[in-house]
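**Student:** Okay, structure incoming, though there's no sequence with it:
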């Protein structure tokens, strides 16, 4: 009886949880807890499986990511308060009439802690460049690409994660990944012909009934607790997105023949598996893809929409759904599809899937003469080759260097910048992330271009929801910028002192 009491003790349960992290998946936890415990597996035998320096504590499994985030947020809140008190009236910039009319480009008016876009070096996540992330972030066993779980930890906490941190998040997401059946019912209520992003957004809205933030707010909670429930919703929503996205993919493109999740896999690998791709190289691609598309500071539509709606205290589900409806717009989330379609049109016109550099150059010039853009080239902020493009090119050199479309992408890269620069009208003639991603997906058989934006959306959840957690932890208020009318502008430019 004493032995049984020990096995059922909190120490034993903590040990089970520690093993679940070490061998990182929820199914392992469930197996041990529900099957092994009744068989009274000796405590000492289980303990021998752990590394010698493993400490069995509550925080090894529960809450240490959350606690680390809160500690960092409290420290940051004090710094922000001091900044506002000392420099609150200091001007960051001036706003021009053109900026007011042309998409507010370049107006500094948002705080996003997770990433910052540098015009010359590309995106930096908490100060780290894409090459640095590929080097420093934890990787799957036998893999060489970073785990998105590690990037999420970096964006949320601000520190480079250990392997254990990444595995903890992976296990947490696996444990929370169950999607209620009514969500699938909502998806099934839509025509199969519905765009994947329409189905994706509907499913996210359906998941909102699970929101702990909404329930807690309805019950009445202190403002100081907003962050707690935003964090819980964030972790659950991110955990469930691959299952939802894969369900939509199999429903629309694979005759509804669904594949059950494998909780022993990491977040990206399980996503690939549920879509029907168990090739190890494709799993590596998903790890890279979901990492490099995760965030791009706060001014892009999906990030800003999530922040804006979240500022009203809409829960993370509704806020993220707003971001995804923005991502569905052709000017934001469809660029990699347009690249593939442009290349396919070139193939068709040239009657060749292996065009020469000279043929590609002539086709680019023809595209420009027709008043069209070369998709995948140029960026609102960047002024050099997007490091995310470079990362994908390096991946392709290892995994699929002989693929014809991949080689076409490389040939375009060799000739397009000089042609675009010679026009004198293009500030950035260099490729962005979208110039390469579609070719890689095509290589591995994911040819359904309309689904690419859903992949983008699953990835983008990491950045915008980590940022939303920070919004609530820092107590950011509702967003309410000032708008003007054209009549006001006309009066202002003539007599500013009368309308200011």
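**Tutor:** Perfect, thanks for sending it. Quantities reported herein were computed from a predicted structural model and do not represent experimental measurements.

**Student:** Find the residue ranges of the protein scoring beneath the pLDDT cut-off.
**Tutor:** Residues of the chain meeting the criterion pLDDT under 70: 1-62, 500.

**Student:** quick check: longest helix of it.
**Tutor:** In the chain, assigned by DSSP state H, the helix with the most residues is helix 226-253.

**Student:** Can you name every helix or strand that that helix contacts?
**Tutor:** Secondary-structure packing of helix 226-253 (3 or more C-beta pairs under 8 Å, 6 or more residues apart in numbering; DSSP states H and E): helix 64-87, helix 163-175, helix 181-189, helix 196-207, helix 212-219, helix 267-275, helix 316-327, helix 452-473. (C-beta placed from N, C-alpha, C; glycine too.)

**Student:** Just put those in TSV and tack on distance to residue 137 and mean neighbour count.
**Tutor:** Formatted as TSV, the helices and strands packed on helix 226-253 follow (distance: least, C-beta to C-beta, whole Å; neighbours: other C-beta atoms under 10 Å):
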stretch	distance to residue 137	mean neighbour count
helix 64-87	15	14
helix 163-175	8	23
helix 181-189	31	14
helix 196-207	26	22
helix 212-219	29	16
helix 267-275	12	25
helix 316-327	23	26
helix 452-473	12	26
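
**Student:** want to throw those helices into TSV with distance to residue 148?
**Tutor:** Output for those, formatted as TSV (distance: least, C-beta to C-beta, whole Å):
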stretch	distance to residue 148
helix 64-87	14
helix 163-175	9
helix 181-189	22
helix 196-207	18
helix 212-219	23
helix 267-275	6
helix 316-327	16
helix 452-473	6
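
**Student:** Which of these sits closest to residue 376?
**Tutor:** helix 452-473 (12.7 Å; C-beta to C-beta).

**Student:** quick one, the closest one and helix 267-275 angle?
**Tutor:** Orientation check (axes from the mean of the first three to the mean of the last three C-alpha atoms, to 10 degrees): helix 452-473 against helix 267-275 gives 140 degrees.

**Student:** I'd like the next helix or strand past helix 452-473.
**Tutor:** Using DSSP states H and E, the helix or strand that follows helix 452-473 in sequence is helix 486-494.

**Student:** quick revisit: out of the helices and strands packed on helix 226-253, nearest to residue 387?
**Tutor:** Proximity to residue 387, assessed across those by C-beta to C-beta, is greatest for helix 452-473 (15.8 Å).

**Student:** can you give me how far the closest one is from the chain middle?
**Tutor:** Helix 452-473 sits 5 Å away from the centroid of its parent chain (C-alpha atoms, centre = their mean, to the nearest Å).

**Student:** just stretch 258-275 next, same as before
**Tutor:** On C-alpha atoms, centre = their mean, the centre of stretch 258-275 falls 17 Å from that of its chain.

**Student:** Same question for stretch 470-489: list its buried residues.
**Tutor:** Across stretch 470-489, burial judged by 16 or more other C-beta atoms under 10 Å covers 470, 471, 472, 473, 474, 476.

**Student:** got the contact list for it?
**Tutor:** With contacts defined as C-beta atoms under 8 Å, 6 or more residues apart in numbering, stretch 470-489 is touched by 69-70, 73-74, 76-77, 80, 97, 100, 109, 111, 113-114, 156, 223, 226-227, 230, 307-308, 310-313, 492, 499.
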